[in-house]
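Novice: Let me see the structure of the following:
(chains A and B)
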There are 2 protein chains.
Amino acid sequence: MIDELHARPGRDPKDELDLRQDVALLTADLIDIASVSGNETRLADAVEQALKSLGHLEILRNGDAIMARTMLDRPERVILAGHLDTVPLPTTPGSRGTVPSSWDGDVLYGRGATDMKGGVAVQLALAAAVTEPSKDVTFVFYDHEEVEAAKSGLGRLVRENPDWLQAHFGILLEPTDGTVEGGCNGTSRFEVTTRGKAAHSARAWMGHNAIHDAAEILARLRDYQPQTVTVDGLEYRESLNAVKINGGTAGNVIPDACVVEINYRFAPDKTPDDAEGLVRALLAGFDVVRTDAAAGARPGLQAPAAASFVAAVGAEPKPKYGWTDVARLSELGIPAVNFGPGNALLAHSDDEHVAAADIRACLSALTTWLQ
Amino acid sequence: MIDELHARPGRDPKDELDLRQDVALLTADLIDIASVSGNETRLADAVEQALKSLGHLEILRNGDAIMARTMLDRPERVILAGHLDTVPLPTTPGSRGTVPSSWDGDVLYGRGATDMKGGVAVQLALAAAVTEPSKDVTFVFYDHEEVEAAKSGLGRLVRENPDWLQAHFGILLEPTDGTVEGGCNGTSRFEVTTRGKAAHSARAWMGHNAIHDAAEILARLRDYQPQTVTVDGLEYRESLNAVKINGGTAGNVIPDACVVEINYRFAPDKTPDDAEGLVRALLAGFDVVRTDAAAGARPGLQAPAAASFVAAVGAEPKPKYGWTDVARLSELGIPAVNFGPGNALLAHSDDEHVAAADIRACLSALTTWLQ
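Specialist: Numbers count the residues shown, from 1 in each chain, chains lettered A, B, ... in the order given. Sure thing, here's the model as predicted:
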């Protein structure tokens, strides 16, 4: 079938999705319906239509988000969630992580190949193939994941359709290279500002240099040893970094201000307030302002549904270092893990790609667990 | 006469300059012919016309620069130099350092009041009043001092009319509050760059933080004790500072570069290469690039013409910390000092002003010395 695709490179996007074809080819079809954040409607329409045509699912549409669920009165319910949107297409000529998709042997290139149309294809293939799962399943497809948190489609569903978001366990099909990554680190941002006194740089002694004062901030960050914290059996490695610095106004003026922006990724044993306390203690004596924070998520792998899932997948679970939407499920009291095809390090890259075999392996593991 | 001016606040700029009126009123007339850098032609025309009408001076015009000299075969020749241009007018409503000028009692407000139409008025008044000076005098009025060095009108005269720029001594009538400020510090700029390795800030250990590496640069600058160097009897105080810092690309990326911009104002015992050597030694191990340099000027107060001038003024000479065009005269082998009315700290300010008495005192001192 891949050879067949090679033979028709100029094919039109198929807005009528075939959920029963090979899941890697389905991924290519999903890539070919471009869906950069804010432009998910066409893909959402195609997904909604395909799910409706299956006939056995209860369906809800909210904006460009779609939820579809079985109602089989199983003792357990699981959520399988994924976002429909992608980051913008590459601007570098010749980039392969774009639209339309392309194949190189058995590797699929395109925007969203890893993040996360492979995962969405697995969700859709499961919806079509496993009509009588051993657990009730709620499939969640949502918009606006790759942009500011306030726009999040999942956040909107949590606010507006909370009755649909009740489950014993959740799986977010973000790329994890086929392993189970439990929970996630939290993330927080701070601005640390030094203030000096401007003066002509030919008479520096008339002023006070705010950039020189930032030396101590950077030295404390440089010398800090980030913690590794074990939570529910997984080791969460933290990161605490200056991510931006800016000071000075002109080449002949002693700078009167310097701002260091800090990003602290903290283990899910800490609340955002705990994280802020740590940063304030480290930078005692400086003007620290918290500008953003999102709690992490504990892996919750002791929950029965989670344990059975990990056993079914058969691989050693790992911690998730980046913040993902599992934290939103965790806030609802739903233990959740990340499990999906593709290497997270390729996400957003100009060279975004995924191996067809990895998408099929993910589908196979979930099919086994759900049957 | 000042009361008379108060009575006609809406007067037109006088393009026909009266060089024999009170020198403070002449300053007001010069201010009222706005001459922001690049727009000096109208003022240059007025200055040229007024000098020509005196009849005893040889005159050369080059662009918007004018030179006028006596040819009395005196054993010594002195240059009296000043720039015609100003920085732009203030944009803050209500600022008094603007055009037209205004009086507050005996204090003259306006753009160029201190920098340096008071000095230019003194030059013009001397040209008219001292027709048989004890030393031959070359008056130099030039354009484009307040902008990048490549546009300097004095630089153009040095290149194109070097025969006119021969003298035993030079006085630049930049504001010094009536004291003699000898020579000037040099100035140089450097960019110091640290390079790291970008990575997602949730996995900082995959990268290397270039901003953290800048801690050591800032610490060395903070801990450095700037030198004070005695040159020809004057104490030149140096300044070595980070004036800008910039690093980081996004809030979730480990920064792969950080650039610190440094301004080193060095005493005139050092060449720009000496200055670079000092910065390189201080920041050994870092990537240092020199981006700009201008030599300073030794005060040269031992020269006979300089010594007689200092004796005539009667005040203790001081060093000049900022770079001025005396360095261009110094490069030609002409010892030169700064001596002019007004406080240099008011230059370029929205509130630029000068006391009428200070302009008159400067004229008086130079008249006494030249007669």
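Novice: from here on, contacts and neighbour counts on C-alpha atoms
Specialist: Noted.
Novice: Would you mind measuring from the closest residue to A:P75 other than its chain neighbours to chain B?
Specialist: Distances taken as Cα to Cα, 6 or more residues apart in numbering or on different chains place A:K135 nearest to A:P75, at 7.0 Å, with adjacent residues excluded. A:K135 is 34 Å from chain B, where distance means Cα to the nearest Cα, to the nearest Å.
Novice: Surely A:K135 touches A:M71?
Specialist: No: A:K135 is beyond contact range of A:M71, at 9.7 Å (criterion: Cα atoms under 8 Å).
Novice: neighbour count winner among the two?
Specialist: Taking other Cα atoms under 10 Å in any protein chain shown, A:K135 and A:M71 do not tie; A:K135 has more neighbours (20 against 15).
Novice: so what's the more buried one up against?
Specialist: The contact partners of A:K135, by Cα atoms under 8 Å, 6 or more residues apart in numbering or on different chains, come to A:74-78, A:370.
Novice: again with A:L301
Specialist: A:182, A:232, A:307, A:310, A:335.
Novice: Can you select the buried ones among the residues you listed for me in ChimeraX?
Specialist: Here is the ChimeraX command that picks out the buried ones among the contacts of A:L301, judged by 16 or more other Cα atoms under 10 Å in any protein chain shown:
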select /A:182,232,310,335
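Novice: From the contacts of A:L301, which land in strands?
Specialist: Residues of the contacts of A:L301 located in strands (DSSP state E): A:G182.
Novice: In helices only, show me the contacts of A:L301.
Specialist: Those of those mapping onto helices are A:307, A:310, per DSSP state H.
Novice: For chain A, which residue occupies the most central location?
Specialist: A:T324 (4.1 Å; Cα atoms, centre = their mean).
Novice: quick one: the closest residue to it other than its chain neighbours from A:A307, how far?
Specialist: With Cα to Cα, 6+ apart as the criterion, A:T324 has its nearest non-adjacent residue at 6.6 Å, and that residue is A:C184. Taking Cα to Cα, to the nearest Å as the measure, A:C184 falls 17 Å from A:A307.
Novice: cool, A:D136 as well?
Specialist: For A:D136, the distance to A:A307 - Cα to Cα - is 17 Å.
Novice: Quick check: phi and psi at A:A327.
Specialist: phi -60, psi -30 (degrees, to the nearest 10).
Novice: Quick check: closest non-adjacent residue to it.
Specialist: A:A297 is the one closest to A:A327 (Cα to Cα, 6+ apart), at 4.7 Å.
Novice: tell me which residues in stretch A:190-206 are buried?
Specialist: A:190-196, A:198-204.
Novice: What about the closest residue to chain B within the stretch 1-150 of chain A, how many residues nearby?
Specialist: In the stretch 1-150 of chain A, the residue found nearest to chain B is A:E148; the distance is 12.3 Å by Cα to the nearest Cα. Neighbourhood size, A:E148 [other Cα under 10 Å]: 8.
Novice: Look at the residue of chain A positioned farthest from its centre and tell me its secondary structure.
Specialist: In chain A, counting by Cα atoms, centre = their mean, A:R203 sits farthest out from the average C-alpha position, at 51.1 Å. Secondary structure assignment for A:R203 (DSSP: H, G, I helix; E, B strand; the rest coil): helix.
Novice: Buried ones in stretch A:364-371, by neighbour count?
Specialist: For stretch A:364-371, using 16+ other Cα under 10 Å, the buried residues are A:366-367, A:369-370.
Novice: Filter these down to just the ones in helices.
Specialist: Going by DSSP H, the helices hold A:366-367, A:369-370 from the buried residues of stretch A:364-371.
Novice: Which of those residues sits closest to A:A128?
Specialist: Closest to A:A128 out of these is A:T367 (11.0 Å), distances taken as Cα to Cα.
Novice: quick one: low-confidence parts of the stretch 51-200 of chain A?
Specialist: By pLDDT under 70, the stretch 51-200 of chain A has no low-scoring segment.
Novice: now do 90
Specialist: Applying pLDDT under 90 to the stretch 51-200 of chain A flags the ranges A:90-93, A:146-150, A:178, A:183, A:198-200.
Novice: what's the pLDDT at the residue in the stretch 251-371 of chain A positioned nearest to chain B?
Specialist: The nearest approach of the stretch 251-371 of chain A to chain B comes at A:G322, 5.0 Å away (Cα to the nearest Cα). For A:G322, the model assigns a pLDDT of 85.
Novice: So which bits of the stretch 101-250 of chain A are right by chain B?
Specialist: Neighbours of chain B within the stretch 101-250 of chain A, by Cα under 8 Å from any Cα of the partner chain: A:201-205, A:209, A:211-219, A:221-222, A:238-250.
Novice: Identify those among these that sit within helices.
Specialist: A:211-219, A:221-222.
Novice: ok, and the most crowded of the residues you listed?
Specialist: A:I211 (32 neighbours).
Novice: how close does that residue get to B:D292?
Specialist: A:I211 is 21 Å from B:D292, by Cα to Cα.
Novice: Also A:L154?
Specialist: Distance from A:L154 to B:D292, by Cα to Cα: 54 Å.
Novice: ok, now A:D104?
Specialist: 51 Å.
Novice: Chain B next: which of the ones in helices among the buried residues of stretch A:364-371 are close?
Specialist: Within those, nothing lies near chain B by Cα under 8 Å from any Cα.
Novice: and which of those residues is nearest B:G38?
Specialist: A:L366 (73.5 Å).
Novice: what's near enough to touch the closest one?
Specialist: A:126, A:313 are the contacts of A:L366 under Cα under 8 Å, 6+ apart.
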